[in-house]
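> no sequence for this one, just the structure:
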């Protein structure tokens with residue numbers, strides 16, 4: 001009698017545990033799908049901003065730039081601060097490692113500069129300090145691109161934000177360095193400016209495919225738990241009783 005009670009208790013404990021585990025995995029799978037839907041909506045919004053009217057550089061003169069201006073097309077007029085050009089190291093484009101070339105552009109008629117991500121150049125692996133000459137015309141120039149966040153930060157050991165070659169660039173520190181206020185965003189330059197820089201910028205990637213992958217894994221795990229439960233707690237019991 002006690003043995004049958006124990007078997008019955010174990011059966012219900014396994015049943016409740018399996019239901020809870022399957023419920024958790026299904027909830028996590030649905031959460032990953034909702035995250036994917038949110039990111040797809042954001043990507044659609046970014047695509048819509050790219051089709052809106054082009055902004056003027058004066059839009060960036062305020063101390064705060066609205067989030068809805070991000071990824072909008074823009075044309076800014078100003079002067080290159082060529083002597084403040086920085087080469088950001090270990091940046092990849094088309095599966096090759098090199099430098100992102102960034103130069104502040106002083107917006108015409110103001111004392112405000114905006115950091116322009118001008119493009120990519122390959123590095124000289126024989127001599128890392130040998131840098132290409134970047135054509136930065138004097139006088140007023142027009143730079144076309146889209147509003148973007150500042151260059152992404154890479155992992156680095158200690159602080160090395162100095163010199164022409166750097167790993168990362170902090171806008172606040174760089175503003176103090178050049179002694180000029182800077183817009184809180186950057187311009188990702190597009191098009192062929194005849195300066196030899198590669199501008200095959202990767203599209204905005206929010207990792208939607210990862211969310212779908214995680215959702216598939218959670219749903220798969222839930223299905224596996226359900227199958228194992230049915231096999232061990234129902235099918236095998238049925239077969240054992242039939243043989244008996």
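That came through fine. Keep in mind the model is a prediction, meaning the values are calculated, not measured.
> Quick check, pLDDT for residue 167.
Residue 167 carries a pLDDT value of 91.
> And the helix or strand of the chain with the lowest mean pLDDT, how far out from the chain middle?
Least confident helix or strand, the chain: helix 236-243 with a mean of 76, by mean pLDDT, DSSP states H and E. Relative to the centre of its chain, helix 236-243 is centred 55 Å away, using Cα atoms, centre = their mean, to the nearest Å.
> Ok, stretch 17-28 next?
Distance, centroid of stretch 17-28 to centroid of chain: 31 Å (Cα atoms, centre = their mean).
> List the buried residues for it?
For stretch 17-28, the buried set under the neighbour-count rule, 16 or more other Cβ atoms under 10 Å, comprises 18, 22, 25, 26, 28. Any C-beta I mention is one placed from the backbone N, CA and C, and that applies to glycine too.
> show me where the protein has helices.
Here the chain has its helices, by DSSP state H, at 2-50, 171-178, 208-230, 236-243.
> Lowest average pLDDT across those helices?
helix 236-243 (a mean of 76).
> quick one, phi/psi of residue 168?
phi -140, psi 170 (degrees, to the nearest 10).
> Where is the longest strand in this structure?
Of all segments of type strand in the chain, defined using DSSP state E, the longest is strand 96-107.
> Please name the nearest non-neighbouring residue to residue 14.
residue 233 (6.2 Å; Cβ to Cβ, 6 or more residues apart in numbering).
> if we can go back for a sec, and which of the buried residues of stretch 17-28 is nearest residue 148?
The closest of those to residue 148 turns out to be residue 28 (Cβ to Cβ; 32.8 Å).
> Check the spacing between that closest one and residue 193 real quick.
47 Å (Cβ to Cβ, to the nearest Å).
> And for residue 76?
Counting by Cβ to Cβ - residue 76 and residue 193 are separated by 13 Å.
> quick one, which of the two is more surrounded?
With neighbours defined as other Cβ atoms under 10 Å, residue 76 and residue 193 compare such that residue 76 has more, 25 against 18.
> Could you pull up the residues touching residue 121?
By Cβ atoms under 8 Å, 6 or more residues apart in numbering, the contact list for residue 121 reads 87, 98, 99, 101, 131, 132, 134, 196, 197, 198.
> again with residue 128
89, 165.
> and if we set it to 6 Å?
By Cβ atoms under 6 Å, 6 or more residues apart in numbering, no residues touch residue 128.
> for residue 171, same thing?
150, 182.
> what do you get for residue 236?
Taking Cβ under 6 Å, 6+ apart, one finds nothing in contact with residue 236.
> quick one: it from residue 56, how far?
On the measure of Cβ to Cβ, residue 236 and residue 56 end up 73 Å apart.
> now residue 92
32 Å.
> Pick out whichever of these two has more residues nearby.
residue 56 (14 against 11).
> in the sheet, who's paired with the more buried one?
residue 75 (DSSP bridges).
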